[in-house]
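[1] all I have is the shape, not the residue letters:
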């Protein structure tokens with residue numbers, strides 16, 4: 001019984017971790033609404049849920065921009081999305097516990113992996129060679145972030 005209490009207390013401590021956002025200002029890739037959502041999130045778990053929502057929003061925006069052949073928007077969205085990924089990784093690395101296997105973090109990694117696959121399919125749908133290179137650069141960068149998230153989830 002005492003072991004169960006210790007395990008439950010440890011689990012709650014990880015869930016209720018109230019680490020702060022990374023030092024410095026949020027990158028320009030965040031809207032004011034997104035900034036306020038992050039600031040209002042009381043702990044890392046809630047912020048990871050916000051990052052997952054942002055990831056899904058950027059994915060839908062890219063799909064819409066590709067369908068409309070809006071190449072300027074694609075470049076802006078990819079740049080913004082890269083900033084969100086970098087910032088979220090910094091936040092997760094500085095605030096996630098040593099043995100963090102939270103449901104929110106697993107969900108974020110899964111959504112990122114799916115977004116990488118979706119963008120891999122979209123990169124060939126028209127546009128210039130420069131556009132193709134932008135997709136490739138984002139895919140490489142997102143792949144690195146995804147690998148780091150997996151390393152956090154499954155250390156060693």
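    Sure thing, it's come through. Because the structure is predicted, anything quoted here is derived from the model rather than measured.

[2] how many neighbours does the closest residue to residue 122 other than its chain neighbours have?
    Closest residue to residue 122 apart from its sequence neighbours, by Cβ to Cβ, 6 or more residues apart in numbering: residue 66 at 5.0 Å. C-betas here are computed from N, CA, C, even on glycine. Residue 66 is flanked by 22 other residues according to other Cβ atoms under 10 Å.

[3] then residue 30?
    For residue 30, the neighbour count with other Cβ under 10 Å is 18.

[4] ok, it - contacts?
    By Cβ atoms under 8 Å, 6 or more residues apart in numbering, the contact set of residue 30 is 38, 54, 80, 83, 84, 87.

[5] verify the contact between the residue nearest to residue 122 and residue 77 for me.
    No. Taking contacts as Cβ atoms under 8 Å, residue 66 lies outside contact range of residue 77: 9.8 Å.

[6] per-residue confidence at residue 129?
    Looking at residue 129, its pLDDT reads 82.

[7] residue 33 too?
    In the predicted model, residue 33 carries a pLDDT score of 93.

[8] kindly report the same for residue 44.
    pLDDT, read off for residue 44, is 91.

[9] ok, residue 3 next?
    Looking at residue 3, its pLDDT is 38.

[10] and if you look at residue 15?
    36.

[11] could you list the residues in contact with the helix or strand containing residue 74?
    Following DSSP states H and E, one finds residue 74 within helix 71-95. Outside helix 71-95, the residues within contact range by Cβ under 8 Å, 6+ apart are 17, 19-22, 26-30, 44, 47-48, 51, 54-55, 58, 61-62, 65-66, 105, 108, 112, 127-128, 131, 134-135, 137-138, 141-142, 145, 148-149, 152.

[12] buried residues in stretch 87-96, which are they?
    The neighbour-count check on stretch 87-96 (16 or more other Cβ atoms under 10 Å) flags 87, 88, 89, 91, 92, 95, 96 as buried.

[13] can I get those residues in CSV with pLDDT and distance to residue 120?
    Shown next, in CSV, are the buried residues of stretch 87-96 (pLDDT from 0 to 100; distance: Cβ to Cβ, whole Å):
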residue, pLDDT, distance to residue 120
87, 95, 23
88, 95, 20
89, 96, 20
91, 93, 26
92, 93, 23
95, 87, 30
96, 77, 27
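
[14] residue 122: which of those is nearest?
    Of all those, residue 122 sits closest to residue 88, with 21.5 Å by Cβ to Cβ.
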